[in-house]
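>>> Below are the sequence and a predicted model; questions follow.
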Amino acid sequence: KHGGLCMQLSATGSGIVHVGIALLHASGEQPEGNDLWHAEVGAPILRRPDILLNHTNGTREVLVQDTTHRIHVIASTGKVLWSRALDGPIMGAVHQVDKFKNGKLQLLFNTATTCYFMDRNGKDMGGFPLRLKSAASAPIAVVDYDDTKDYRVLVPTKDGHVLNFSLDGAYVDGWQAPTLAAPGSEAVHHLRIRNKDYILVIDGNGEMKLLDRKGAEREHVDPTLERLKDVQAMIPGAELRSTRIQWLDQDLVLHETTVGGSELRTVPGGNGRLRFIDLDSEGEQAVAKVVGDSLILLKDGKVLFQRSHGTPLDPTAMSFKLEGIGWLIGVCAPTSGKAWLLDVGGLPLPGMPVEGNTLFSVADLNLDGEPDLVIGNGSGVTAYRIKQR
């Protein structure tokens, strides 16, 4: 409520100390902070917030899951709309689909044992929750082959199978995918190249299978993603074999490999975690490296910037493209509860850091033309306005 406090102590030779205190009264309105709202949910947030589209008014809503496995949907104003208990942590993304082809969106996601499908108010759709035949080994993938909203849900399971079911909760007749040598470690990828559909399945050994809509092997591929840790991105090419896979191995070496087997880039990780990130809209990519408290941005082996944050960072660097601002890099420090958005020169945006202890998402929640940062913060969720220079 005040502008500042100043205290001055002046000692004299006779042992007397003159004390001067000035308190500035800041009348009128204070400069606006960058916090938009905070919503309490009663327990710490477990994962990065998911951003949902409200199909009734076009605003964005926030879905979070807390450490008790309850999910909460929060309006663009910060009001908690509803909460619901699940049987475990959500795996992967929360998908929005339009089952009835009428513009109304539903929520679709899975835990290790169950696939949930519910309307925007949290009410179960027919046939769900669906208890999986075997526990999921990776998140679901939602495929719309012909862009007709005739969705198929594919999920790798721990018994080496890939399940395929519809939004009615019924398993698809005629699906006969081969049993994998090791359970699938990644969500299934759907590639549409030259009017052909390819279902790309990667097992826990890094071996790839290319299947058709019935699960039969469509084409054989030789390359194996040796000692795979995780796949970061799948970038379709003009041809199947030029499709690029960006992935990290168990030694934290970053690779870019084509489905045809060509190794395009290999970046040693050393003691840091690496990720390809975009620098512009032309597809130019750099490498973000997180080491301890430092974020390092490299391109063609050269350091573009290195910034220390004074506190250990989460190993995942994030990238965002914002209208009127350009590409930004995000990092967070869960132990100290801080998060930063930086420009590609390594400079934090005004108002950074903000308080929060999860990975964060960015969206224009209330359609005011200004992007907002949404992050788990204590036992709730906070939305911050992103300030521009």
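That came through, no problem.
>>> Go ahead and confirm residue 138 touches residue 184.
Yes: Residue 138 lies in contact with residue 184 (CB atoms under 8 Å); the separation is 5.1 Å. The C-beta positions use only the backbone N, C-alpha and C, and glycine is treated the same way.
>>> Spit out the residues that contact the two alike.
Common neighbours of residue 138 and residue 184, counting by CB atoms under 8 Å, 6 or more residues apart in numbering, are residue 156.
>>> who's in contact with residue 241?
Contacts of residue 241 (CB under 8 Å, 6+ apart): 221, 258-261.
>>> Of those, grab the buried ones for ChimeraX.
In ChimeraX, a selection of the buried entries from the contacts of residue 241 looks like this (16 or more other CB atoms under 10 Å):
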select :221,258,259
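>>> With pLDDT and secondary structure added, can I get the contacts of residue 241 in a markdown table?
A markdown table is the format used below for the contacts of residue 241 (pLDDT from 0 to 100; DSSP: H, G, I helix; E, B strand; the rest coil):
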| residue | pLDDT | secondary structure |
| --- | --- | --- |
| 221 | 92 | coil |
| 258 | 97 | strand |
| 259 | 96 | coil |
| 260 | 94 | coil |
| 261 | 94 | coil |
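>>> How about residue 214, nearest residue that isn't a chain neighbour?
residue 174 (5.5 Å; CB to CB, 6 or more residues apart in numbering).
>>> ok so, going back, can I get the contacts of residue 241 in a markdown table with distance to residue 358?
Putting the contacts of residue 241 into a markdown table (distance: CB to CB, whole Å) gives the following:
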| residue | distance to residue 358 |
| --- | --- |
| 221 | 36 |
| 258 | 34 |
| 259 | 34 |
| 260 | 38 |
| 261 | 37 |
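>>> residue contacts, the nearest residue to residue 248 once chain neighbours are set aside?
Spatial nearest neighbour of residue 248, chain neighbours left out: residue 229 (4.6 Å); criterion: CB to CB, 6+ apart. Counting by CB under 8 Å, 6+ apart, residue 229 touches 247-250, 252.
>>> Would you mind listing the buried residues in the helix or strand harbouring residue 229?
For residue 229, the host element (DSSP states H and E) is strand 228-235. By 16+ other CB under 10 Å, the buried positions in strand 228-235 come out as 228-229, 231-232, 234.
>>> Pipe those residues into a markdown table and attach distance to residue 22 and pLDDT per row.
A markdown table is the format used below for the buried residues of strand 228-235 (distance: CB to CB, whole Å; pLDDT from 0 to 100):
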| residue | distance to residue 22 | pLDDT |
| --- | --- | --- |
| 228 | 63 | 96 |
| 229 | 58 | 95 |
| 231 | 60 | 96 |
| 232 | 55 | 95 |
| 234 | 61 | 95 |
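>>> and the two most separated of these?
Farthest-apart pair in the buried residues of strand 228-235 is 229 and 234; separation 15.5 Å (CB to CB).
>>> gap between residue 268 and residue 140?
Distance, residue 268 to residue 140, by CB to CB, to the nearest Å: 33 Å.
>>> which of these two has more neighbours?
When neighbours are counted by other CB atoms under 10 Å, residue 268 and residue 140 differ, and residue 140 comes out ahead with 24 against 10.
>>> quick one: the more buried one and residue 84, what's the gap?
From residue 140 across to residue 84, the span is 18 Å (CB to CB).
>>> quick one, what contacts the spatially closest residue to residue 193 that is not a sequence neighbour?
Once flanking residues are discounted, residue 193 sits nearest to residue 240: 5.2 Å by CB to CB, 6+ apart. Applying CB under 8 Å, 6+ apart, we find residue 240 in contact with 191, 193-194, 196, 198, 210, 219, 259-260.
>>> Could you work out the most separated pair of those residues?
Top of the distance list for the contacts of residue 240 (CB to CB): 196 and 260, 15.6 Å.
>>> Residues in a beta bridge with residue 235, which ones?
residue 244 (DSSP bridges).
>>> Wait, it touches residue 243, no?
Yes: the pair residue 235 / residue 243 is scored as a contact, 6.7 Å apart, by CB under 8 Å.
>>> The closest residue to residue 218 other than its chain neighbours: neighbouring residues, count only.
Residue nearest to residue 218 in three dimensions, not counting chain neighbours: residue 212, with 4.4 Å by CB to CB, 6+ apart. Counted with other CB under 10 Å, residues neighbouring residue 212 total 14.
>>> wait, residue 212 sits on residue 191?
No: Residue 212 lies out of contact with residue 191 (CB under 8 Å); the separation is 11.5 Å.
>>> tell me, what's touching the two both at once?
Common neighbours of residue 212 and residue 191 (CB under 8 Å, 6+ apart) are 197-198.
>>> What is the three-state secondary structure of residue 241?
helix (DSSP: H, G, I helix; E, B strand; the rest coil).
>>> check contacts around the residue nearest to the spatial centre of the chain.
By CA atoms, centre = their mean, the chain has its centre lying nearest to residue 48, at 6.1 Å. With contacts defined as CB under 8 Å, 6+ apart, residue 48 is in contact with 358-361, 376.
>>> in the stretch 101-250 of the chain, which segments are predicted with low confidence?
The model of the stretch 101-250 of the chain has no residue with pLDDT under 70.
>>> try 90 this time
Along the stretch 101-250 of the chain, the parts satisfying pLDDT under 90 run over 222.
>>> how about the strands in it?
106-110, 114-118, 130-131, 141-143, 152-156, 162-165, 189-193, 196-202, 208-211, 217-219, 228-235, 244-249 (DSSP state E, counting those that start in this stretch).
>>> For those, state which one has the densest average packing.
strand 152-156 (a mean of 25; mean count of other CB atoms under 10 Å).
>>> Which secondary structure elements does it sit against?
Judged by 3 or more CB pairs under 8 Å, 6 or more residues apart in numbering; DSSP states H and E, strand 152-156 is in contact with strand 141-143, strand 162-165.
>>> Could you give the separation of the last one from the chain centroid?
If I follow you right, that is strand 162-165. 24 Å (CA atoms, centre = their mean, to the nearest Å).
>>> ditto for stretch 200-207
22 Å.
>>> who touches it?
137, 156, 160, 162, 177, 180-186, 188-191, 208-211, 224-228, 231, 234, 259.
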